Every structure is written in C-alpha cells, then in structure tokens.
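Engineer: okay, sequence plus prediction incoming.
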Amino acid sequence: MVSKATFSNLHRSAKDLVDRSLDRHVRLAVTGLSRAGKTAFITALVDHLLQGPVHHQLPLWSVARDGRFLGAKKVPQAHFHIPSFKFEQNINSLRADQPVWPEPTAGVSEIRLKIKYRPDSLLWRNLSQTAELTLDIIDYPGEWLLDLPLLHMSYEQWSEQMAQSLTQPGRAELAKNWLNLGAQLDLHGAYDELQIAQISQAYTQYLHECKAQLGLHHIQPGRFVLPGELAGAPLLAFFPYVWGEINSDHDNKDSALSMLSARFEQYKEHVVKRFYQQHFVHFDRQIVLLDCLTPLNTGRQSFEDMQTAVEQIMQSFQYGQSGFLRRLFAPKIDRIVFAASKADHVTPDQHENLLALVDKLVVNGQREVAFSGIESHCIALAAVKSTQVGNVNYQGKPHVALTGRQLDTSELLSLYPGEVPADLPQAAFWQKQGFDFVNFAPPVVASNLPLPHIRMDLAIEHLLGDKLL
Ligand SMILES: Nc1nc2c(ncn2[C@@H]2O[C@H](COP(=O)(O)OP(=O)(O)OP(=O)(O)O)[C@@H](O)[C@H]2O)c(=O)[nH]1
Ligand SMILES: [Mg+2]
C-alpha cells in the first residue's frame, strides 16, 4: 500500500517534472567591460552548440559528456526591436583562411537557439524521448551597469564626485580642453544650447581619452563612451559642473544649471532605469567576463580602476539587501559566472593564479550576491584558444612557453608572459612590472573542426547544466 507520505512525494516529483517541462526557456546575459571578450565568447559558444555532439569537445558539460546533447539550431530571435547578434559575420571572421577577431560592438544584441537534448530523469524518459531548451543569449556592455549609483545621486552630488575624480593621476591633464571651455560657462545665466553642446562634446572626448590613454573603464555616465542608439541625442548633452560650488537656491528654470540637472535626471530615468526595466529584469543567468591580464600589463591605475568597476558591476546583483533595487526591477537571475577571459595568454601553470585573482576581485561582492539567492562560480577560460603550449630552451634549460601568431605582425612568437599574482597585486608587483602581455591573432582552424578553447564547457555547465536535466 502507498503511504500518505510516499504519495505526497510522488505527487511532488510529478509536479516538479511538469514545472521543469515548462521551464525550458533561458535568457543568458553576457557582459563585461569593453574588450573583455564578450563577442568572442558568444560566437564560440554558439559555434560549439551548432556543431552538435560530433566532436566531443565539451567534456566538462555533463549533457555532452553523458551523450545527451543532440544538437542545436539558430531560430528567429524573440524581440525584433533588439539588434541581432552578428553571429555569421563573427564566425566567418574567426574561421577565415586568415582569421581575424570580430569587430568591437557598442550596444545590446541578442541571438536565439533551440537546444535538443535527451532528458536525464528516468521518469522523463518515459514521458518523452527528447526535449528542447530555448536559449536566448544577450550581449550588453558592462559599462551600462556602472551607471547604477547615479540613481541615488543628485546633479550636485554627482558633480562633486566627478570633481574629486579629477585629482587622480593623469586625469586633469586629459581634461584640459573641457575644463577650459567649461570655465566660461555662466551656470546661473540663460542656457545656450550651442555652448552646452560644445562643453558636452569636450567632456565626452575627455572620457574617451581616459579610456584610451589611461586604460580606465570606470567612466560615468557609461553611455557617453558607449552610446549605442543614443549617439547624438540631446539626452547625452550634459556634463558635471566642477568649476566651483553649486548653489541652486536662487536658480531659475532657464539657467544652464536647470538644463544640466534636467538632462542628468532624464538620463537616470530614460537611460539607466530603462535598461534595468527593459533588459536586466528578464535575465535568468549571467556571465561576467573579466580581462584581468590587460590591466595587469597596463599598470596599477588601470588595474585599480578595473577593481572599482567590478565592485560597481556587482552592485547590480546585490538586490537581496536593496529594497530600492527590488522596487526598480523584479530580478530573476539565479546564477552568475565570473570568468577570467583570455586564459590562453598565460601558461597553464598560471591558470590557478588567474582563477585565484578573479576570486579575490569578486569575493566581497559575492557574499551580497549569495544573500540575493544567487549561486556564483569563478572560472578562467579562453573562448578561442590562440596559443600553443610548449618548451623553449633558455640559458640551457627547458622553460614552458606560449607560441602564437602576434596580432600586429602575424609573426609566430614564443614567450613566457610572466606570473599572474594570486592575490590583488601589491606595490612590489607594480615596481617590477613583470607581466608581458601580447595580443595574439586567432588560430587557423579547419572548417570541419571545432574552435579550440579553454574551459568553455565548464562555463556552459555552470550556466546551463541544471536546465538540461
Ligand atoms: N587570445 C585570446 N584573445 C581573445 C579572446 N577573446 C577575446 N580576445 C581578444 O580580445 C579582443 C576583444 O574581444 P571581443 O570579444 O571583441 O570583446 P568585447 O567584450 O565584445 O569587446 P567590445 O565589443 O569592444 O566591448 C579581441 O579582439 C581579441 O584580441 C580569447 O579567448 N583568446
Ligand atoms: Mg563586443
């Protein structure tokens, strides 16, 4: 006889199965700061899935390892108003006779796949031989998450913070043109559209220079350097007032100050909030790609800036404690992967350190992320492995080294790039500056073979493994 408790267990597992059968749609968001490797990651991921189960190139993905992955196909995306991820263009570049990396991208885009697999559960097998998961992959710039703190700030507070940031090394020098132009502004006088547009352009130029010359990513407002479809809109024609105290007591509605504060408020409302409400709210899974190696190479300021940017990015996933965030959007993300990208730039003996470094970068924020009910994992990966590992003889002894085609010259190069610090680098690391980062061209891959990678399968397992049971 079936006891009451057993019956209730059976009932529950049957219900779980029905729920699971309905839960066959995942929106996977891929983000990271500029050049972190988002486009390469998505292109490689989609290519692996479209290649199907033939090559057994994904042993750490349980569904593929167990022989349950049956294949995938590209289907029309869900939202026709969102630009399509340019998969064909990107994969043609990577798989060309002389492969090149995909073009940089500036905004949000998406692609939809259907994955066919054989379910794991015995009970499921009785119900259906195969199942399908609809996977939407969304690419968006991590810089857009850096704007979140603006929502808590007034124009005055933001201006004060930006004035302080000018004291950081090298910034005031790059800001010279903007500072000179803005010094002529009569804040309480009637606003002059042309003058505001000119000073805004100079401010935007300054932000671009911070990115290009100082390797900085923590740039506000984020859309000024990555405007996407907002390029040229008056919504982006404002700047912080850094030429003295702001006294708004006796201000009038036609003043430059009123115009600047109004645009700042509209930016918060129509750009920052809208991104969370239209996009972020629908994400189920998230991978944040972190290129730790370029800032290690560029220097201390660039690395510390990335660290601040990462802390800032993590705030968007800390809604567990923030009533404000939960009111702004009803988040659903339940898993995040923090991935050190481009791991093929260091020798395998350094992968452990690279992983430890990512761990250290995110560890503080991770506690809050866990409090939001989000499971998180750290990994080190290469979307498209562009180097080979071998030995070179140096001073009569064999040393492990990487060989790849240098991006600029296309020439083969063997080098030992140096040691990755396993902890956030201290002063001594910067003094000896022992890291030698070289950009490599993508490898030449025969059209019938999968793209070589490092731990893409582990990334897929963390992001989707449980959705394909
Ligand atoms: N060696 C190696 N280099 C990589 C890999 N992924 C990306 N890169 C390098 O990093 C650059 C940027 O990669 P993208 O995928 O375009 O990065 P992104 O985050 O989409 O960049 P934006 O669109 O500009 O924000 C590439 O042009 C390559 O030089 C990788 O797996 N291995
Ligand atoms: Mg891109």
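Structural biologist: Cool, the structure landed. Residues are numbered from 1 along each chain as shown. Ligands and ions are numbered 1, 2, ... in the order given.
Engineer: going forward, measure contacts between C-alpha atoms and count neighbours the same way
Structural biologist: Fine.
Engineer: low-confidence ranges in this protein?
Structural biologist: Along the chain, the parts satisfying pLDDT under 70 run over 1-23, 121-128, 250, 320-322, 433-434.
Engineer: tell me the domain ranges of it?
Structural biologist: 14-140+280-385+450-468, 150-276, 388-432 (automatic domain parsing).
Engineer: of all the ones you listed, which lies closest to residue 441?
Structural biologist: domain 388-432 (4.4 Å; CA to CA).
Engineer: and that closest one, how far apart are its ends?
Structural biologist: 27 Å (CA to CA, to the nearest Å).
Engineer: try stretch 404-414
Structural biologist: 7 Å.
Engineer: before we move on, what about stretch 55-62?
Structural biologist: End residues of stretch 55-62 are separated by 15 Å (CA to CA).
Engineer: ditto for stretch 362-380
Structural biologist: OK, stretch 362-380 end separation, CA to CA: 13 Å.
Engineer: got a list of contacts for that stretch?
Structural biologist: Stretch 362-380 has contacts (CA atoms under 8 Å, 6 or more residues apart in numbering) with 310-311, 314-315, 317-321, 333-343, 351, 354-355, 358-359, 454-455, 458-459, 462.
Engineer: mind redoing it with 6 Å?
Structural biologist: 314, 317-320, 334-340, 355 (CA atoms under 6 Å, 6 or more residues apart in numbering).
Engineer: so which of the residues you listed belong to strands?
Structural biologist: 335-340 (DSSP state E).
Engineer: in space, not sequence, find me the middle residue of this protein.
Structural biologist: Centroid check for the chain by CA atoms, centre = their mean gives residue 32 as the closest residue, at 1.7 Å.
Engineer: who touches that one in this structure?
Structural biologist: Contacts of residue 32 (CA under 6 Å, 6+ apart): 142, 288-289.
Engineer: and those residues as TSV, adding distance to residue 208 and secondary structure?
Structural biologist: What follows is these, written out as TSV (distance: CA to CA, whole Å; DSSP: H, G, I helix; E, B strand; the rest coil):
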residue	distance to residue 208	secondary structure
142	16	helix
288	23	strand
289	21	strand
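Engineer: in the stretch 101-250 of the chain, what residue is nearest ligand 2?
Structural biologist: residue 105 (4.0 Å; CA to the ion).
Engineer: near that residue, how many residues? Count them for me, please.
Structural biologist: 18 (other CA atoms under 10 Å).
Engineer: the residue nearest to the centre of the chain and ligand 1, how far apart?
Structural biologist: 6 Å (CA to the nearest ligand atom, to the nearest Å).
Engineer: and the gap between that residue and residue 199?
Structural biologist: Residue 32 is 29 Å from residue 199, by CA to CA.
Engineer: and if you look at residue 270?
Structural biologist: Separation of residue 270 from residue 199 (CA to CA): 22 Å.
Engineer: between those two, which is the more surrounded one?
Structural biologist: Shown here are residue 270 and residue 199; by other CA under 10 Å, residue 199 has more neighbours (23 against 11).
Engineer: check which helix or strand covers that one.
Structural biologist: Residue 199 is part of helix 193-214 when elements are defined by DSSP states H and E.
Engineer: any idea which element the spatially closest residue to residue 241 that is not a sequence neighbour lies in?
Structural biologist: Nearest non-adjacent residue to residue 241, counting by CA to CA, 6 or more residues apart in numbering: residue 159, 5.3 Å away. Per DSSP H and E, residue 159 falls inside helix 155-165.
Engineer: check residue 306 too.
Structural biologist: Here residue 306 is assigned to helix 300-315, by DSSP H and E.
Engineer: is any residue of that helix near ligand 1?
Structural biologist: No: for helix 300-315, no contact with ligand 1 is found by CA under 6 Å from any ligand atom; the gap never falls below 13.9 Å.
Engineer: what sits up against that helix?
Structural biologist: 145-146, 215-216, 218, 295, 365.
Engineer: ok, for the residue of the stretch 201-350 of the chain found nearest ligand 1, nearest residue in space, not its chain neighbours?
Structural biologist: Nearest residue of the stretch 201-350 of the chain to ligand 1 (CA to the nearest ligand atom) works out as residue 342 at 4.1 Å. Nearest residue to residue 342, sequence neighbours excluded (CA to CA, 6+ apart): residue 382, at 4.5 Å.
Engineer: could you report the distance from that neighbour to ligand 1?
Structural biologist: Taking CA to the nearest ligand atom, one finds residue 382 at 4 Å from ligand 1.
Engineer: list the helices and strands the helix or strand that residue 116 is a member of packs on?
Structural biologist: Under the criterion of DSSP H and E, residue 116 resides in strand 109-117. Contacts defined by 3 or more CA pairs under 6 Å, 6 or more residues apart in numbering; DSSP states H and E place strand 109-117 against strand 69-75, strand 131-139.
Engineer: how about the residues of the stretch 101-250 of the chain by ligand 2?
Structural biologist: 104-105 (CA under 5 Å from the ion).
Engineer: check which residues of the strand holding residue 116 are buried.
Structural biologist: Neighbour counts over strand 109-117 (16 or more other CA atoms under 10 Å) mark 109-117 as buried.
Engineer: residue 423 contacts residue 358, doesn't it?
Structural biologist: No: counting by CA atoms under 6 Å, residue 423 stays clear of residue 358, with 8.7 Å between them.
Engineer: what does residue 271 show for phi and psi?
Structural biologist: Phi and psi for residue 271, reported as degrees, to the nearest 10, are phi -110, psi -60.
Engineer: neighbours around it, how many?
Structural biologist: 17.
Engineer: and for the one 4 residues further on?
Structural biologist: Residue 275: 15 surrounding residues under other CA under 10 Å.
Engineer: backbone dihedrals for it, both of them.
Structural biologist: phi -60, psi -40.
Engineer: and the gap between it and ligand 2?
Structural biologist: 18 Å (CA to the ion, to the nearest Å).
Engineer: ligand 1 contacts on the stretch 301-450 of the chain?
Structural biologist: 342, 344-345, 382-386, 439-440.
Engineer: ChimeraX command to pick out the buried ones of those?
Structural biologist: Selecting the buried subset of those in ChimeraX, with 16+ other CA under 10 Å as the burial test, is done by:
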select :342,344,345,382,383,384,385,386,440
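Engineer: can I assume residue 416 is in contact with residue 401?
Structural biologist: Yes: in this structure residue 416 lies within contact range of residue 401 using CA under 6 Å: 4.8 Å.
Engineer: the helix holding residue 306 versus helix 193-214: what angle between them?
Structural biologist: 110 degrees (axes from the mean of the first three to the mean of the last three CA atoms, to 10 degrees).
Engineer: what comes up buried for the helix or strand just after helix 300-315?
Structural biologist: Later in the chain than helix 300-315, the nearest helix or strand by DSSP H and E is helix 323-328. In terms of neighbour count (16+ other CA under 10 Å), helix 323-328 has its buried residues at residue 325.
Engineer: which other helices and strands does helix 323-328 contact?
Structural biologist: Counting by 3+ CA pairs under 6 Å, 6+ apart, helix 323-328 packs on no helix or strand.
Engineer: residues in contact with that helix?
Structural biologist: residue 319.
Engineer: keeping just the C-alphas, turn it into CSV.
Structural biologist: Only the C-alpha atoms of helix 323-328 are listed here, as CSV (Å, rounded to 0.1, in the frame of the first residue of the first chain):
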residue,chain,number,x,y,z
GLY,A,323,14.7,47.4,-1.3
PHE,A,324,15.4,50.1,-3.8
LEU,A,325,16.8,47.7,-6.4
ARG,A,326,13.9,45.3,-5.9
ARG,A,327,11.4,48.1,-6.4
LEU,A,328,13.2,49.2,-9.6
